[in-house]
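Visitor: here's my sequence, what's the structure:
(chains A and B)
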Amino acid sequence: MEKQIFDEEEKRFYNLKLSMKVFLSNKTAVAGLIIFLGYVIDALLMQFYPEVIGVRNPNTLIYNFINPVPQPPSAQYPLGTTYPGVNLLQAIMEAIRVDLGFSLLIVVSGALIGAVIGVLAAYIGGYLDEVLMRVTDIFFSVPYLVLALAVGFVLGRSLNSMVIALIIVWWPIYARYSRSLTLSLRESMFIEAAKASGASNLRIMFRHILPNTLPPILVQISLDLGSVVGIFATLAFIGFIPNANIPELGYLTSLGLNYIQSAPWTVIFPGLAITLFALSVNLMGDGLRDVIDPRRRS
Amino acid sequence: MNPRLTGQARELAIQRLTQEFHLNQPVYIQYFYWLGQVLTGNFGYTNTPIFSGPVSTAVELFLPNTVILSLFAALLIWLIGIPLGVFSAVNRDSAADQGIRVFSFTLYSMPIYLIAIALILILGVYTGLLPFSGEVSAQLVSGLPWYVNGISYPTHILLIDAMIHGDFQVAWNAFLHLIMPALTLALAVMAGIIRILRASMLETLEQDYIKLARAKGVPEKVVNNLHARKSAMLPVVTSFGYTVAGLLGGVVVVETVFDFPGIGYWTTQALLNDDVGGVMASTLIFGIILVITTLVLDIIYAIIDPRIRY
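Guide: Next up, the predicted model:
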């Protein structure tokens, strides 16, 4: 008996090692991971020690109306300035924290809500399944950007309602995903064993099924992070947060839009920051998919 | 309500309007009144800087522009995206394949408004090849009897209306204005399609019947284009439902960035101007369009793959 447990653990450790090896052998995935870590470090730095690079309040942009016209990159402003006199490098570093933080909040809450709903629908089945799945169908019948606009309109245009709107847009994908995962898990041996040993339905759902749906959902979260950062910035870009004074990459891009002909750096640098982030997440996600998908392992 | 009313007359008018528009009822009851009106074809009223009046008129004016934009984008996807995906799979791991993969991966990671800005910078600002604002140059259409207040007659699609009236200079100009928004939409959607098509094409090329065709001496070109391409398209068509959703969401952003007077531009205007009628109606309309296109795609799917019968 003891030998067997030992084997199990060894097998798990071996699997983990193999996963690491598969991931690390993928050069582009590692590059993605390094860029992603750079963003995370920037966000953490801004969250806990903003004074280190001379930022007093990472939640607001510092305007300079004495010299509002965009300045080209120079020693003082390494990435130039954008209207009205905002130091672009500093603003982008602050914005990464805001975008990353809110996107993580959106994806994780969306995934949690969706996972619970999906597990409930699949495990209990019957009418509940029908009702929950038809509701998610309704959410799928409107393009998510339009749906986010509509929800934001109802809640009023502000940063908070934008976050709530995107959570509302984002959970149905996870509901479908975790439902299909649960449907296949439900038939497996260990669930039957749990049932035989007299575990309640609630216990089976939340102690046995939900944790087992987590690994693929975590991969999905990491993949979605890139899209959510993009959608978040898109909404801010088309004017969802009026008169905002917050550093946000989409909002920063829209500030420079009127100067696109004379000062293209005002849109290029914030745009580059967001593209690089999405790129790194997607590269990383590709590597993770290789790890999860046994067919692509050797 | 007449703003000059005072005293009791004013009170009475408020009472009458509250009754008439059910403003004393809870929101969900009001919603059912709205739904009832929608069933009779009355979508309410919209008031935005680009249009104010009945929603149905707004849809009549803006929807054709969006349709022509999406169709043009779909044409570009068909002409550029699908050949690129097939080429990439056939010449696997060549320099061109690597290039196409990096290109589509970068596009895939860019939010759509950044693709628009990149195109504006490259094709508009630096080279000056194409215009990037509005649907036509204003000085060309001022005083035209069939183009009034930014609306062309009779089809409301400027490109087609200009041709109907024989004004090919305006038609050409409208066409030039259409290219950049359509290209943005196409590039945004293309990225996903190239990736899926390449993967499924690679899988198809491994199949036995392809090997048989090759062994029989069927020319490589025929094998790729006739035998492999058709079945490789299946996953692309399946994923097209999501693609259409992306396309419709993209329309909102693209039309806003390029000031293109379509239904997406109107939707953002409605949002930014707190216009209830516009937001409710456009959400519904986007939903209807998505459902209809998904249905059409299901039918196309059944035509491509004869095994599928609903």
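Visitor: now the longest helix seen in chain B: mean pLDDT?
Guide: Ranked by residue count, the top helix of chain B under DSSP state H comes out as helix B:168-205. Average pLDDT, helix B:168-205: 87.
Visitor: which stretches of the stretch 51-200 of chain A form helices?
Guide: In the stretch 51-200 of chain A, the helices defined using DSSP state H, counting those that start in this stretch lie at A:88-124, A:126-140, A:144-155, A:159-186, A:189-196.
Visitor: just to revisit the earlier point, which strands and helices sit next to whichever helix or strand comes after the longest helix of chain B?
Guide: Where DSSP states H and E defines the elements, the next helix or strand beyond helix B:168-205 is helix B:208-215. Counting contacts by 3 or more Cβ pairs under 8 Å, 6 or more residues apart in numbering or on different chains; DSSP states H and E, helix B:208-215 packs against no other helix or strand. The way it works is simple: take the backbone N, C-alpha and C, and place the C-beta from them, glycine included.
Visitor: buried sites along helix B:208-215?
Guide: Neighbour-count burial for helix B:208-215, counted by 16 or more other Cβ atoms under 10 Å in any protein chain shown, picks out B:210, B:213.
Visitor: could I get that helix in CSV with only the CA atoms?
Guide: This file holds the C-alpha atoms of helix B:208-215, laid out as CSV (Å, rounded to 0.1, in the frame of the first residue of the first chain):
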residue,chain,number,x,y,z
ASP,B,208,-4.6,8.3,-46.7
TYR,B,209,-6.7,9.6,-49.6
ILE,B,210,-4.3,12.4,-50.2
LYS,B,211,-1.4,9.9,-50.3
LEU,B,212,-3.4,7.8,-52.7
ALA,B,213,-4.0,10.7,-55.0
ARG,B,214,-0.3,11.6,-55.0
ALA,B,215,0.6,7.9,-55.6
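Visitor: what mean pLDDT does that helix get?
Guide: Mean per-residue pLDDT for helix B:208-215: 81.
Visitor: what does the stretch 201-310 of chain B put close to chain A?
Guide: Taking Cβ under 8 Å from any Cβ of the partner chain, the part of the stretch 201-310 of chain B that reaches chain A is made up of B:245-246, B:248-250, B:252-253, B:256, B:267-268, B:270-272, B:274, B:276, B:279-280, B:282-283, B:286-287, B:290-291.
Visitor: in helices, which of those residues fall?
Guide: B:245-246, B:248-250, B:252-253, B:256, B:267-268, B:270-272, B:276, B:279-280, B:282-283, B:286-287, B:290-291.
Visitor: in PyMOL, select just the buried ones from these.
Guide: Burial among those is assessed by 16+ other Cβ under 10 Å; the matching PyMOL selection reads:
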select buried, chain B and resi 245+246+248+249+250+252+253+256+267+268+270+271+272+279+280+282+283+286+287+290
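Visitor: and the longest helix of chain B, what other elements does it pack with?
Guide: helix B:55-76, helix B:82-90, helix B:95-109, helix B:112-119, helix B:138-141, helix B:158-164, helix B:229-257.
Visitor: which of those is buried the deepest?
Guide: Looking across the helices and strands packed on helix B:168-205 with neighbours counted as mean count of other Cβ atoms under 10 Å in any protein chain shown, the highest average goes to helix B:112-119: a mean of 25.
Visitor: count the neighbours of the nearest residue to B:Ser239 once chain neighbours are set aside for me.
Guide: Nearest non-adjacent residue to B:Ser239, counting by Cβ to Cβ, 6 or more residues apart in numbering or on different chains: B:Ile196, 5.5 Å away. Residues within reach of B:Ile196, counting by other Cβ atoms under 10 Å in any protein chain shown, total 19.
Visitor: same question, B:Val223
Guide: Neighbours of B:Val223 (other Cβ under 10 Å): 20.
Visitor: was I right to think it contacts B:Ala213?
Guide: Yes - between B:Val223 and B:Ala213 there is a contact at 5.1 Å, judged by Cβ atoms under 8 Å.
Visitor: off-centre distance for whatever helix or strand A:Pro211 lives in?
Guide: Using DSSP H and E, A:Pro211 falls within helix A:210-237. The chain centre lies 4 Å from the centre of helix A:210-237; the measure is Cα atoms, centre = their mean, to the nearest Å.
Visitor: send me the helix or strand following that helix as PDB with only the CA atoms.
Guide: Later in the chain than helix A:210-237, the nearest helix or strand by DSSP H and E is helix A:249-256. Listed next in PDB are the C-alpha coordinates belonging to helix A:249-256 (Å, rounded to 0.1, in the frame of the first residue of the first chain):
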ATOM      1  CA  LEU A 249      -3.400  51.900 -22.300                       C
ATOM      2  CA  GLY A 250      -6.400  52.300 -24.500                       C
ATOM      3  CA  TYR A 251      -7.200  55.700 -23.000                       C
ATOM      4  CA  LEU A 252      -3.600  56.800 -23.500                       C
ATOM      5  CA  THR A 253      -3.800  55.800 -27.100                       C
ATOM      6  CA  SER A 254      -7.000  57.900 -27.600                       C
ATOM      7  CA  LEU A 255      -5.200  60.900 -26.000                       C
ATOM      8  CA  GLY A 256      -2.700  60.900 -28.800                       C
END
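Visitor: count of neighbours near A:Gly110?
Guide: By other Cβ under 10 Å, 23 other residues sit near A:Gly110.
Visitor: repeat for the one 4 residues further on
Guide: Residue crowding around A:Gly114 was assessed by other Cβ under 10 Å; the count is 24.
Visitor: wait, it touches A:Ser178, no?
Guide: Yes - counting by Cβ under 8 Å, A:Gly114 touches A:Ser178, with 6.2 Å between them.
Visitor: quick one: buried residues of the longest helix of chain B?
Guide: B:170-171, B:173-175, B:177-198, B:200-201, B:204-205.
Visitor: that helix: how far from the chain's middle?
Guide: Distance of helix B:168-205 from its chain centroid, counting by Cα atoms, centre = their mean, is 12 Å.
Visitor: does stretch A:67-83 come close to chain B?
Guide: No - Stretch A:67-83 stays clear of chain B (Cβ under 8 Å from any Cβ), getting no nearer than 13.6 Å.
Visitor: just the terminal-to-terminal distance for that stretch.
Guide: Taking Cα to Cα, to the nearest Å, stretch A:67-83 runs 9 Å from one end to the other.
Visitor: one more: stretch B:72-92?
Guide: One end of stretch B:72-92 to the other measures 30 Å (Cα to Cα).
Visitor: ok, the residue of the stretch 201-310 of chain B found nearest chain A - contacts?
Guide: Using Cβ to the nearest Cβ, the closest approach of the stretch 201-310 of chain B to chain A is made by B:Gly249 at 3.4 Å. B:Gly249 is in contact with A:143-146, counting by Cβ atoms under 8 Å, 6 or more residues apart in numbering or on different chains.
Visitor: looking at those, state which has the most neighbours.
Guide: Neighbour max across the contacts of B:Gly249 (other Cβ under 10 Å) = A:Val146, 27 neighbours.
Visitor: tell me how far the residue nearest to that residue when sequence neighbours are not counted lies from B:Pro26.
Guide: Spatial nearest neighbour of A:Val146, excluding adjacent residues (Cβ to Cβ, 6+ apart): B:Phe286 at 4.6 Å. Note on B:Phe286: its distance to B:Pro26, by Cβ to Cβ, to the nearest Å, is 26 Å.
Visitor: again with A:Val281
Guide: Distance of A:Val281 to B:Pro26, given as Cβ to Cβ: 43 Å.
Visitor: okay then, goodbye and thanks.
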